[in-house]
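Asks: Just to be clear, the model below is a prediction. Sequence and coordinates:
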Amino acid sequence: MSSTGQDVFDKTIHKTNTLLKQIETELGWENQRNMSYAILRAVLHALRDRLTVQEAADLAAQFPLLVQGIFYNGWNPAGVPKKIHKDEFLEEIRKNFTFSIDRSINEVVIVVLSVLRKHVSEGELEDVLSVLPKDLSSMLK
C-alpha cells in the first residue's frame, strides 16, 4: 500500500482499491482499473440520482471517503430523485460507461451492485431497496 503520510487517506485508498479489485475480479477485468473505476462511477451516479437526497446521503456515508467523493462528484441534488425504471437506469449507465464490453450492461451492473452490497450494512440496503421501484430493486437483491 502506498503511503501518503496521512492514515485516513491511506485507508480510503486501500479500501477503494479493494472495492475496485473486487469488481475487476468478478467481471474478469484483471488489471483494468480504468474500466472498473468507470463502471463504478457510472453505477454510483445513476443510483445516486434515483434516490432521494436523504437516502443518497445515508448510502454515501457507508462508503470509503474516496468513493464518497466519486459518488458526490457532479451531483445536483435539486434534480433528484429521477423517477426512472430499470431500462432507463441501465441506459443512463451505458451512456456514461464508454468502454466496449462483451457482456450486457445489465449483467455488469448486477455485478457492481453485488460488490457494493458487501460494503453497505443490511439496514441501509433495506432502506435503499424501499425507495426504488421493484424492477430496479431486484438488481440489488
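Replies: Thanks, I have the structure now.
Asks: and K141, how many residues sit next to it?
Replies: Using other CB atoms under 10 Å, K141 has 10 neighbouring residues. (Glycine included, C-beta is placed from N, CA and C.)
Asks: ok, now S36?
Replies: For S36, the neighbour count with other CB under 10 Å is 24.
Asks: where's it relative to T16, distance?
Replies: Distance of S36 to T16, computed by CB to CB, to the nearest Å: 10 Å.
Asks: Let me see the ranges of the helices in the chain.
Replies: Assigned by DSSP state H, the helices in the chain fall at 7-27, 33-50, 53-60, 65-72, 86-96, 105-117, 122-131, 134-137.
Asks: Please identify the deepest-packed of those.
Replies: When the helices of the chain are scored by mean count of other CB atoms under 10 Å, the highest mean neighbour count falls to helix 33-50 (a mean of 20).
Asks: relative orientation of that one and helix 7-27 in degrees?
Replies: 100 degrees (axes from the mean of the first three to the mean of the last three CA atoms, to 10 degrees).
Asks: Quick check: L129 vs I93, distance?
Replies: L129 is 18 Å from I93, where distance means CB to CB.
Asks: Same check on Q6?
Replies: Per CB to CB, Q6 is found 33 Å from I93.
Asks: Not including adjacent chain positions, what is the nearest residue to the most centrally placed residue in the chain?
Replies: With distances taken as CA atoms, centre = their mean, the residue of the chain nearest its centroid is L44 (3.3 Å). Residue nearest to L44 in three dimensions, not counting chain neighbours: F71, with 4.8 Å by CB to CB, 6 or more residues apart in numbering.
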